[in-house]
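Engineer: sequence and predicted structure below; questions after.
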Amino acid sequence: MKKTVVIGVAGSSACWKVCALIEELQKKMSGEVIIRVVMTHSSAHFIQPLMFQILTHQHVYLEVADEPDVEKISHVHLAQSCDLFLVAPATFNTIGKLAQGVADNMLTTVASAVPAATPKFLAPAMNDAMYNQEVLKENLAKLKERGYEEIPPRVDILASGKKAIGALAEVSEIVALIVEKLQD
């Protein structure tokens, strides 16, 4: 039976890596996965929703009021029909919203309806100054208490040009964790 993965894409220069993530996940799952993408408006500045639609062959969700199937409430259906929920890249802003229970865009609204038993992952990507903030550590701790697992960022050259912690985890690492969790 096919598994459904919902990927929430927040606004980061690492958005393009989600394309590789989708392709690798599809290969590893040998066609036994449905991938649905939910985007924030800021992520659409980095990559167009059409790219994810082409890769997944699924509608891409950007607007809370976008209801392509009149018989289903999109954010509730996405959240409750997924076998795994991933936010990649997870930005400082999105992590803060999730930790505080703010549901003001499609990604955070879907996240608010994901059942507690559904595996949930965050793959942060941001500048090292942001990643090292105490408030981010507190927000990640809150989310871990609520069942989220962090896929920690790595040290690499960041958008600022500085080599530091904050780069999105390797796509292969993220995919391996997803596949392992889906096979449990």
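Structural biologist: Perfect, thanks for sending it.
Engineer: which parts of this protein are helices?
Structural biologist: Assigned by DSSP state H, the chain shows helices spanning 17-28, 49-56, 74-81, 92-100, 106-112, 128-131, 134-145, 171-182.
Engineer: for the shortest one, which outside residues touch it?
Structural biologist: Under the contact criterion C-beta atoms under 8 Å, 6 or more residues apart in numbering, helix 128-131 has outside partners F92, P124, L136, P153, L158, K162, A164, I165, G166. C-beta: built from backbone N, CA, C; applies to glycine.
Engineer: go on, the fifth one?
Structural biologist: By C-beta under 8 Å, 6+ apart, the list of residues contacting helix 106-112 from outside reads 6, 8-10, 38-40, 61-64, 66, 74-75, 78-79, 85, 87, 94, 97-98, 101-103, 120.
Engineer: returning to what we had before: farthest-separated two in the contacts of helix 128-131?
Structural biologist: L136 and K162 (17.5 Å; C-beta to C-beta).
Engineer: my read: K97 touches T91, true?
Structural biologist: No: with contacts counted by C-beta atoms under 8 Å, K97 stays clear of T91, the gap being 9.4 Å.
Engineer: nearest to M1 among the helices of the chain would be which one?
Structural biologist: Comparing these by their distance to M1 (C-beta to C-beta), the top pick is helix 171-182, with 10.9 Å.
Engineer: report the buried residues of that closest one.
Structural biologist: With burial defined by 16 or more other C-beta atoms under 10 Å, the residues of helix 171-182 counted as buried are V171, I174, V175, L177, I178, V179, K181, L182.
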